[in-house]
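# Sequence first, then the predicted structure, then my questions.
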Amino acid sequence: MSSQAVRLVVLVSGSGTNLQALLDAVADETYGARVVAVGADRDGIEGLARAERAGVPTFVERLADHPTREEWDRALAERIAGHRPDLVVCAGFMKILGAPTLQAFPVVNTHPALLPSFPGAHGVRDALAYGVRVTGCTVMLADAGVDTGPIIAQESVPVLEGDDEASLHERIKTVERTLLVDTVGRMAREGWTVTGRIVRFGRPGG
Ligand code: GRF
């Protein structure tokens, strides 16, 4: 594995299928990145088990173990920093990151809706309830808001007759995993710039 590979710390809160897609992608060294650690805000999740099976170090920082949110923010940032990431990827991480992490590292997040529509924890349910015929997924840079950061990539997914939240989310996740892997890989290999809300691949001046 190349020592030049971009170091990823991936944060998860659940089943970790997006993480698995990244773990599978980094097995090819031409991908340009490697997963140096996986962090979570809770124990006993399949996302952590996936990391362990792949031989990737894990850590857990539970909000409930800290007297304040600010202390959790600091503790999480320290755990992340210990793995010296070039890029942090939230892959179904169900907490808003605080300033200590956001100021220290670029952070990519993935969301199962076409932002700026339907931000928040229930993007699939909200899109379905609104009656949209097309939804999708968004990969963005994280900022201090809820799914408000600059958009890097999006893909659409049709809502089908008879869809419920579970069936629609599964179809979105199939597209989302590919979009996340493709986007993180391009960021690792090509770099990126941000001008206002506009994200472009490529190094500054390149
Ligand atoms: C993804 O759809 C993510 O965008 C959302 O939760 C899902 C996580 O799925 N926040 P998984 O844990 O990667 O399987």
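Looks like it came in fine. Please read these numbers as outputs of a predicted model, since none were measured by experiment.

# got the residues of the chain near the ligand?
Within the chain, the positions near the ligand by CB under 6 Å from any ligand atom are 12, 14-19, 47, 91-92, 110-112, 173, 176. All C-beta spots, glycine's among them, are computed from the backbone N, C-alpha and C.

# Quick check: the residue of this structure nearest the ligand.
Of all residues in the chain, Gly92 sits closest to the ligand, at 2.7 Å by CB to the nearest ligand atom.

# Now do the helices in this structure.
Ranges of helices in the chain, per DSSP state H, are 17-26, 46-53, 69-81, 99-102, 123-130, 165-190.

# of the residues of the chain next to the ligand, closest to Ser167?
The shortest approach to Ser167 among these belongs to Lys173, at 10.9 Å (CB to CB).

# which non-adjacent residue is nearest that closest one?
Thr17 (6.2 Å; CB to CB, 6 or more residues apart in numbering).

# which one of the residues of the chain next to the ligand has the most neighbours?
Ranked by neighbour count (other CB atoms under 10 Å), these have Leu19 at the top, with 30 neighbours.

# and that one, what is it in contact with?
Neighbour list for Leu19: 10, 12, 35, 38, 47, 50-51, 91-92 [criterion: CB atoms under 8 Å, 6 or more residues apart in numbering].

# And Leu8, by the same measure?
22, 26, 33-36, 85-89, 184, 188.

# and with 10 Å instead?
For Leu8, the contact set (CB atoms under 10 Å, 6 or more residues apart in numbering) comprises 19, 22-23, 26, 33-38, 56, 83, 85-89, 91, 108, 184, 187-188.

# partners of it in the sheet?
As for beta bridges, Leu8 partners with Val35, Leu87 under DSSP bridges.

# Please work out how many residues are found near the closest residue to Phe201 other than its chain neighbours.
Excluding the flanking residues, the one nearest Phe201 by CB to CB, 6+ apart is Glu190, at 4.5 Å. The tally of other residues near Glu190 (other CB under 10 Å) stands at 13.

# Would you confirm that the residue of the chain closest to the ligand contacts Gly123?
No: counting by CB atoms under 10 Å, Gly92 stays clear of Gly123, with 11.8 Å between them.

# Quick check: neighbours shared by those two?
Any residue near both Gly92 and Gly123 by CB under 10 Å, 6+ apart counts here, and that gives 111-112.
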